[in-house]
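Participant: model this:
(2 chains)
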Amino acid sequence: MRLPSLKTNVDSNQSVVVTKQKLTQKSFVTNLGDYLMEKLFLVLGTLAIFILLLIVGFLFREGSDAIREVGISEFIFGQSWYPSSSDPRYGALPFIISSVMVTVGALLLAVPWGIFTAIFISEIAPKRLKEMLKPVVEVFAIFPSVVLGFIALIVISPIVANVFNLSNGLTAITASVILSVMALPTIISIAEDSLNSVPSDFKEGAYALGATKWEVIKDISLPAAKSGIIAAVMLGFGRAVGETMTVLMAAGNAIDMPVQQLLGLTIPDFLTSVRTLTANIAIEGSDVAWGSLHYSALFVVGMILFVITFIVNLIADLLINRQRGALRND
Amino acid sequence: MAIKEAEPIQIDVREQFQPYFEGDVKKVFQVEELSLWYGSNQALKDISFDIKEKQVTAIIGPSGCGKSTFLKTLNRMVELNTNVKTSGSIVYHDIDIFDPSVNLVELRSAIGMVFQKPNPFAKSIFDNVAFGPKIHGVRNKKKLKEVVESSLKRVGLWDEVKDRLNESALSLSGGQQQRLCIARCLAVEPEVILMDEPTSALDPISSAKIEHLIEELKELYSIVVVTHNMQQAARISDHTAFFLHGELIEYNRTDRMFSNPQDQRTKDYVSGRFG
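Facilitator: This is a model prediction of the structure:
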């Protein structure tokens, strides 16, 4: 039996013609819309990158005077910073060492602490507690830095002074402690995300082989989440090394080399007052004569900070990519 | 033709088919009145039957009938879900596996498991197989190499991967990954292997290889395999259990189950009328 056609009145040849027309038809409005959207994204995207490049270019241009006059090696290896002296010195080494000390000190505290907390939230905490902890941790990431600096000044520094028997509690270690608290939420949040995204297949496979919870965490979850955890540490580093207000308030800002002699070795002294690269720019930037050598020298300090963060990010990127390359699915 | 509502049959399945089960085949699991709840939702209802040693036992049934849950209960993997409650017992080597004194690490190394979707770790092929022995304390490099080689040989993967043991396991094909997962399970020297639809994510040729492997492995291991595929159950298993809505409807020798099912519901299912 023949089925009745649904389009009884339409000539089949005609419908083919209509289909052909539809296939080749182009709407001017749709095309224009597409064109404009594409260009809009292109312009916004390039503009953002262009502005960033412009800032870097500006930094280097403004700093070039001081580099030419003082020399880059004086900046990196010089140990005294006397910009207002009749015989000015522009050795930024104390600031570089201070920045590295304060940041590394903060990460030494924050990374293990943060990763353990992330493991606890992601793998151990019961579901209800987990749902409560995650947002609480994230709220701490938006804590104003000046408040934390004030806490360092009022609470942490007297404790440091007491414990280590110092006359002044505003030291590198005070800054490290408060910076680690600042970096913690970032580290916990990103590390927890990456632990959470480890497929449960992997964990089940390990449990089925008789692995204990700790073995699953150590041998399966942590390695699988490695790139995310490296990213978390790097973001924590960025937060700590670029932080200004808190260290300005907590670290004491002395411009001497923060080192001591121990058994003939020069080692960093965490119990002394330090001034970081960021703090130095903030302190001196406000009252420097525009266009002077000192002004240009502060841009060089900014350049050094930029180069440090750039190198660390680059290394992190390489580590993450190398790991992806080793385990790519092809 | 309408499907007739099956009459509920109130008989002890084991008693009825006792004659078929007599002989010198030993039991590896003795499941007694096992019930299981996810929260307030009962997933298994009063399951009782024996699983034979060094035989392939297939568990069939439609989706959501509790067959995977039952399988995961045998090595207590089901407890990874929250809010699981069980009653009844599963006796393994004269010990109830739900006994508080049971060491889960030892239980799961004696009762290995292969999953539906191949789930090799994001590690090298070698490390995947060596993972089990390592967590159970094998540190000797030479011993590890031997275990990896013999496990891979047993699943027929050695010749395919022996030159790239350090490559990522994720670079293998799906069928190779599943055989790797079986090798990983064999490396801890289990007694029982539980397989949860081990071929459902694989192409027909890889599935055939796994089926062939299962037939070889039953010489040495007791195998319980959950499958969606009744032809597969008929091909590879010695005994078949049919689950429906969390209940064990029928348990019998596979040939009898498919040629002469005793329960109307089994008859309908194996003849393809539902499921």
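Participant: is chain A within reach of stretch B:125-143?
Facilitator: Yes. Counting by Cβ under 8 Å from any Cβ of the partner chain, chain A is contacted by stretch B:125-143 at B:131-132, B:135-136. C-beta coordinates here come from the backbone N, C-alpha and C atoms, glycine included.
Participant: now swap in stretch B:196-208 and tell me
Facilitator: No. Applying Cβ under 8 Å from any Cβ, one finds stretch B:196-208 separated from chain A by no less than 9.9 Å.
Participant: pull out the buried positions in that stretch.
Facilitator: B:196-199, B:201-202, B:206-207 (16 or more other Cβ atoms under 10 Å in any protein chain shown).
Participant: re earlier: now pLDDT and secondary structure too, for the residues of stretch B:125-143 next to chain A, in a markdown table please.
Facilitator: Converted to a markdown table, the residues of stretch B:125-143 next to chain A look like this (pLDDT from 0 to 100; DSSP: H, G, I helix; E, B strand; the rest coil):
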| residue | pLDDT | secondary structure |
| --- | --- | --- |
| B:Phe131 | 93 | helix |
| B:Gly132 | 92 | helix |
| B:Ile135 | 90 | helix |
| B:His136 | 89 | coil |
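Participant: for these, which one is nearest chain A?
Facilitator: Distance to chain A across the residues of stretch B:125-143 next to chain A (Cβ to the nearest Cβ) is lowest for B:Gly132, with 4.3 Å.
Participant: count of neighbours near that closest one?
Facilitator: 28 (other Cβ atoms under 10 Å in any protein chain shown).
Participant: tell me how far it lies from B:Glu216.
Facilitator: 20 Å (Cβ to Cβ, to the nearest Å).
Participant: need the residues of the stretch 101-250 of chain A near chain B, please.
Facilitator: A:127, A:199, A:201-202, A:204-212, A:215, A:219-220, A:223-224.
Participant: which of those residues fall in helices?
Facilitator: A:127, A:201-202, A:204-208, A:215, A:223-224 (DSSP state H).
Participant: so where is the chain shaky, pLDDT-wise?
Facilitator: Went with chain A since none was named. The model of chain A has pLDDT under 70 over residues A:1-11, A:322-330.
Participant: you answered for a different chain; I wanted chain B.
Facilitator: B:1-24, B:275.
Participant: ranges for the strands of the stretch 51-200 of chain B?
Facilitator: Applying DSSP state E, counting those that start in this stretch to the stretch 51-200 of chain B gives strands spanning B:56-60, B:84-92, B:95-96, B:111-114, B:192-196.
Participant: so which of those strands is the most surrounded?
Facilitator: Highest mean neighbour count among those (mean count of other Cβ atoms under 10 Å in any protein chain shown): strand B:56-60, with a mean of 27.
Participant: what helices or strands is that one leaning on?
Facilitator: Here strand B:56-60 touches helix B:67-74, strand B:222-226, helix B:230-236, strand B:239-244, going by 3 or more Cβ pairs under 8 Å, 6 or more residues apart in numbering or on different chains; DSSP states H and E.
Participant: looking at those, which is closest to chain A?
Facilitator: Nearest of those (Cβ to the nearest Cβ): helix B:67-74, 9.2 Å.
Participant: can you give me the offset of the closest one from its chain's centre?
Facilitator: Relative to the chain's own centre, helix B:67-74 is displaced by 8 Å; criterion: Cα atoms, centre = their mean, to the nearest Å.
Participant: okay, the angle between that helix and helix A:200-208?
Facilitator: Angle, helix B:67-74 to helix A:200-208, by axes from the mean of the first three to the mean of the last three Cα atoms, to 10 degrees: 40 degrees.
Participant: which neighbouring elements make contact with helix B:67-74?
Facilitator: strand B:27-38, strand B:41-52, strand B:56-60, strand B:84-92, strand B:111-114, strand B:192-196, strand B:222-226.
Participant: which non-adjacent residue is nearest A:Ala297?
Facilitator: A:Ala66 (4.3 Å; Cβ to Cβ, 6 or more residues apart in numbering or on different chains).
Participant: so A:Glu62 versus chain B, what's the distance?
Facilitator: 47 Å (Cβ to the nearest Cβ, to the nearest Å).
Participant: how many neighbours does that residue have?
Facilitator: With other Cβ under 10 Å as criterion, A:Glu62 counts 17.
Participant: was I right about it contacting A:Phe299?
Facilitator: Yes. Between A:Glu62 and A:Phe299 there is a contact under Cβ atoms under 8 Å: 4.1 Å.
Participant: report the separation between the residue nearest to A:Ala297 and A:Phe77.
Facilitator: Separation of A:Ala66 from A:Phe77 (Cβ to Cβ): 15 Å.
Participant: tell me which of the two has more neighbours.
Facilitator: Counted by other Cβ under 10 Å, A:Ala66 and A:Phe77 do not tie: A:Ala66 has more neighbours, with 25 against 12.
Participant: what bridges to the residue nearest in space to the middle of chain B?
Facilitator: Nearest residue to the geometric centre of chain B (Cα atoms, centre = their mean): B:Leu194, 2.7 Å. Legend: beta-bridge partners of B:Leu194 under DSSP bridges are B:Met113, B:Val224.
Participant: my guess is it contacts B:Gly112, does it?
Facilitator: Yes. B:Leu194 lies in contact with B:Gly112 (Cβ under 8 Å); the separation is 6.9 Å.
Participant: overlap in contacts, the two.
Facilitator: B:Asn75 (Cβ atoms under 8 Å, 6 or more residues apart in numbering or on different chains).
Participant: contacting residues around B:Phe98?
Facilitator: B:76, B:86, B:89-90.
Participant: which members of those are the farthest-apart pair?
Facilitator: B:Arg76 and B:Ser89 (12.4 Å; Cβ to Cβ).
Participant: overlap in contacts, the two.
Facilitator: B:97-98.
Participant: please enumerate the strands of the stretch 151-300 of chain A.
Facilitator: Ranges of strands within the stretch 151-300 of chain A are A:259-262, A:265-268, based on DSSP E, counting those that start in this stretch.
Participant: chain A versus B:Ala43, what's the distance?
Facilitator: For B:Ala43, the distance to chain A - Cβ to the nearest Cβ - is 18 Å.
Participant: if we can go back for a sec, need the strands of the stretch 151-300 of chain A in CSV (columns: distance to chain B).
Facilitator: Below are the strands of the stretch 151-300 of chain A laid out as CSV (distance: least, Cβ to the nearest Cβ, whole Å):
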stretch, distance to chain B
strand A:259-262, 39
strand A:265-268, 37
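Participant: what about residue 154, neighbour count?
Facilitator: No chain in the question, so chain A it is. When neighbours are counted by other Cβ under 10 Å, A:Ile154 registers 10.
Participant: the chain in question should be chain B.
Facilitator: Applying other Cβ under 10 Å, we find 18 residues neighbouring B:Arg154.
Participant: identify the residues contacting the residue nearest to it when sequence neighbours are not counted.
Facilitator: Nearest residue to B:Arg154, sequence neighbours excluded (Cβ to Cβ, 6+ apart): B:Leu186, at 5.8 Å. B:Leu186 is in contact with B:112, B:151, B:154-155, B:193, B:217, counting by Cβ under 8 Å, 6+ apart.
Participant: for those residues, which one is nearest chain A?
Facilitator: Closest to chain A, out of all of those and judged by Cβ to the nearest Cβ, is B:Gly112, at 6.8 Å.
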